[in-house]
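Peer 1: Predicted model, plus sequence, below.
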Amino acid sequence: MRETVTTGRGTDGRAETGISRRRVIGGMATWAAISIVPRHVLGGRRHVPPSEKLNIAGIGIGGRGQGDLHEVGSENIVALCDVDDSYAGKVFKKYPKARKWRDYRKMLDRQKDIDAVVIATPDHTHAVISMAAIKRGRHVYCEKPLTHSIWEARQVAEAAREAGVATQLGNQGQASEGNRLVSEFIWGGAIGPVHEVHAWCNRYISPRGIGRPKETPPIPSTLDWDLWLGPAKRRPYHPCYLPFSWRGWWDFGTGVLGDIGCHQLDPVFRALKLGYPTTVEASSSGVNDETAPQSSLVRFEFPAREGMPPLKLTWYDGGLMPERPEELEEGRRFGNADDNLFIGEKGKMLGHRLIPEPRMKEYAKPPQKIPRSPGHHAEWLIACKGGPAARANFDWAGPLTEVVLLGNVALRMEKQLYEKGLKLHYDGPGMKVTNLPEANQYIRDTYRQEWTL
């Protein structure tokens, strides 16, 4: 039997972090202690005790998915699902005992031994697959961004919370040491109250700023193109969309901001305890209805919160950068290809290091305030077995994804914003733009008739 959905490719992104909206209970001590809790105490539907292995299914396994499967390889990989037999072929061979599927819906309905799923499909299918798994009581690990639209992120996060399943977003860097140091430096007062942050990604992600191809080559025999499209509008097959370059296409991906924002902005949101912004505006090299721009700049404004001042957060991609800080020594590179610059009233921090370097050496390491992680994927596995919630669980990932995708709404409305002399004013809890109603068309995707969330 051979059935397999959607091939997903991801990029290994960096992220740095602080404290989650729902603090992880007990930290490392709790993570260690759960290994001795007996099965009869934990109980629960589809529960697997710490002493036993989870049965995991991979959905979208040809690209980033194979890396995620490797990270959870301590468990039983019992099912593999992908729409592209050729691209996923090497992974099928790596796990010969796993059942092979093409349609994730059939897999989830028919293979009853699955405890958890790892999703690494294109962005436009994240929500429908995550929701299908959640409704069936499966734990979910999903690559970033959590969803393709703001509305989907809200729905998936709420459903996961109600179902009580263990979840984790694929922003792997949140588990890093540097991620935690960002928060600990800021909370320790190393640079004073922070009122401005600049974040950027200047790596090549996928082709952008282009129109739809006119050629209609034949669909490869190894690919189920209709399943790959999933809820997206029908269009002719073309190799320019896959296996990786879908990221730049609005119908399938979310551009550089959507791809990297959940990595890069995670430490900013944690350290500065950000919620929803009040306004957002954008400019770019040019937006069309098919693909994201080659370069873009997005400005968010956040209100004061929890004793912290209002914040201006600016995103750059496609080669754009903020002004080089005076504190950065001559001859020293201005951060990495993906990085953050924090500007406080008493100093500046590049990534998780104070600048200039003498200031870093003078301050030394801040007091530890955040438990260290056993590993990004390990957090999720432990949560699946009854341990504390993973740090990038969907209660955290949902709102973060919403704000990242709001930047894309501003990009797609940039011409109207410029002509009308406006910024987008946003009602976060209400999930709507209040001063430019036509922008709300980008809050929620329109699915093909046979697809629902």
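Peer 2: Noted; the coordinates are in hand. Only a predicted model underlies this, so the values are computations on that prediction, with no experimental measurement involved.
Peer 1: Quick check: chain neighbours aside, which residue is closest to the most centrally placed residue in the chain?
Peer 2: Taking C-alpha atoms, centre = their mean, the centroid of the chain lies closest to Lys144, which sits 2.5 Å from it. Excluding its sequence neighbours, the residue lying closest to Lys144 (C-beta to C-beta, 6 or more residues apart in numbering) is Cys262, at 4.0 Å. From N, CA and C alone the C-beta is placed, and that goes for glycine too.
Peer 1: looking at this, the one you found is in a helix?
Peer 2: Yes - counting by DSSP: H, G, I helix; E, B strand; the rest coil, Cys262 is found in a helix.
Peer 1: and the nearest residue to Asp445 once chain neighbours are set aside, how many neighbours?
Peer 2: Nearest in space to Asp445, with sequence neighbours left out and distances taken as C-beta to C-beta, 6+ apart, is Ser149 at 4.5 Å. Residues lying near Ser149 (other C-beta atoms under 10 Å) number 25.
Peer 1: Does Ser149 touch Ile443 like I think?
Peer 2: Yes - under the criterion of C-beta atoms under 8 Å, Ser149 makes contact with Ile443 at 6.7 Å.
Peer 1: follow-up on the earlier one: and the residue nearest to the centre of the chain, what does it touch?
Peer 2: Neighbouring residues of Lys144 by C-beta atoms under 8 Å, 6 or more residues apart in numbering: Gly10, Gly13, Leu169, Gly170, Asn171, Asp259, Cys262, His263, Ala397, Thr401.
Peer 1: which residue ranges form the strands in the stretch 301-450 of the chain?
Peer 2: 311-317, 338-344, 348-350, 353-355, 424-427, 432-433 (DSSP state E, counting those that start in this stretch).
Peer 1: And the fourth one, what does it pack against?
Peer 2: Translated: strand 353-355. When contacts are defined as 3 or more C-beta pairs under 8 Å, 6 or more residues apart in numbering; DSSP states H and E, strand 353-355 packs onto strand 348-350, helix 357-363.
Peer 1: Domain map for this protein?
Peer 2: Listed domain ranges for the chain are 27-172+374-394, 177-208+244-370+401-442 (source: automatic domain parsing).
Peer 1: Buried ones in the helix or strand that contains Val182, by neighbour count?
Peer 2: Val182 belongs to helix 177-187 when assigned by DSSP states H and E. Buried residues in helix 177-187, defined by neighbour count with 16 or more other C-beta atoms under 10 Å: Asn179, Arg180, Leu181, Val182, Ser183, Glu184, Phe185, Ile186, Trp187.
Peer 1: packing partners for the helix or strand just after that helix?
Peer 2: Following helix 177-187 in sequence order, the next helix or strand is strand 194-201 (DSSP H and E). When contacts are defined as 3+ C-beta pairs under 8 Å, 6+ apart, strand 194-201 packs onto helix 255-264, helix 266-271, strand 311-317, strand 338-344.
Peer 1: What sits closest to Ala392 if chain neighbours are left out?
Peer 2: Leu169 (4.3 Å).
Peer 1: list the contacts for Arg110?
Peer 2: Arg110 makes no contacts at all, as judged by C-beta under 8 Å, 6+ apart.
Peer 1: which stretches of this structure aren't confidently modelled?
Peer 2: For the chain, residues meeting the criterion pLDDT under 70 lie at 1-47.
Peer 1: And stretch 201-217, what's buried?
Peer 2: Buried residues in stretch 201-217, counting neighbours by 16+ other C-beta under 10 Å, are found at Cys201, Asn202, Ile205, Ser206, Pro207, Arg208, Gly209.
Peer 1: circling back: which of the strands of the stretch 301-450 of the chain sits closest to Ala88?
Peer 2: Among these, the nearest to Ala88 by C-beta to C-beta is strand 338-344 (27.8 Å).
Peer 1: Which residues does that closest one contact?
Peer 2: Taking C-beta under 8 Å, 6+ apart as the rule, strand 338-344 contacts 13-14, 16, 182, 186, 190-203, 260, 263-264, 267-268, 271, 322, 325, 335, 348-351.
Peer 1: Recalculate using a threshold of 6 Å.
Peer 2: Applying C-beta atoms under 6 Å, 6 or more residues apart in numbering, the contact partners of strand 338-344 are 14, 191-192, 194, 196-199, 201, 264, 349-351.
Peer 1: for stretch 231-247, same thing?
Peer 2: 7, 9, 87, 122, 124, 128, 205-207, 213, 216, 219, 225, 251-253, 259, 447-448, 451.
Peer 1: Can you turn the buried part of those residues into a ChimeraX selection?
Peer 2: Only the buried entries of those go into this ChimeraX selection, using 16+ other C-beta under 10 Å:
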select :7,9,87,122,124,128,205,206,207,225,251,252,253,259,447
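Peer 1: Please verify my assumption that the residue nearest to Ala392 contacts Ala397.
Peer 2: Yes - counting by C-beta atoms under 6 Å, Ala397 is a contact partner of Leu169 at 3.6 Å.
Peer 1: so what's in contact with these two at the same time?
Peer 2: Leu146.
Peer 1: list the contacts for Tyr442?
Peer 2: By C-beta under 6 Å, 6+ apart, the residues touching Tyr442 are Val409, Arg412.
Peer 1: how about the contacts of strand 338-344, which pair is most distant?
Peer 2: Across these, the longest distance by C-beta to C-beta is 26.7 Å; it joins Gly192 and Cys201.
Peer 1: coming back round to it: if you tally nearby residues, what's the number for the residue nearest to Ala392?
Peer 2: 30.
Peer 1: what's near enough to touch it?
Peer 2: Counting by C-beta under 6 Å, 6+ apart, Leu169 touches Lys144, Leu146, Ala392, Ala397.
Peer 1: any idea which of these is closest to Ala175?
Peer 2: For the contacts of Leu169, the nearest to Ala175 is Ala392 (8.2 Å; C-beta to C-beta).
Peer 1: Neighbours of the closest one, how many?
Peer 2: Burial of Ala392 is recorded as 30 neighbouring residues (other C-beta under 10 Å).
Peer 1: Look up how far Gly255 lies from the spatially closest residue to Arg212 that is not a sequence neighbour.
Peer 2: Excluding the flanking residues, the one nearest Arg212 by C-beta to C-beta, 6+ apart is Glu290, at 5.1 Å. Glu290 is 12 Å from Gly255, where distance means C-beta to C-beta, to the nearest Å.
Peer 1: Which one of those two is surrounded by more residues?
Peer 2: Neighbour totals were compared for Glu290 and Gly255, and Gly255 leads with 29 against 16 (other C-beta under 10 Å).
Peer 1: Contact partners for the more buried one?
Peer 2: Taking C-beta under 6 Å, 6+ apart as the criterion, Gly255 is in contact with Ala292.
Peer 1: Residues contacting the one helix or strand Gly58 maps to, please?
Peer 2: Following DSSP H and E, one finds Gly58 within strand 55-59. With C-beta under 6 Å, 6+ apart as the test, strand 55-59 has contacts from 65, 69, 72, 75-81, 104, 113-119, 129.
Peer 1: out of these, which are buried?
Peer 2: Buried by 16+ other C-beta under 10 Å: 65, 69, 72, 75-81, 104, 114-119, 129, out of those.
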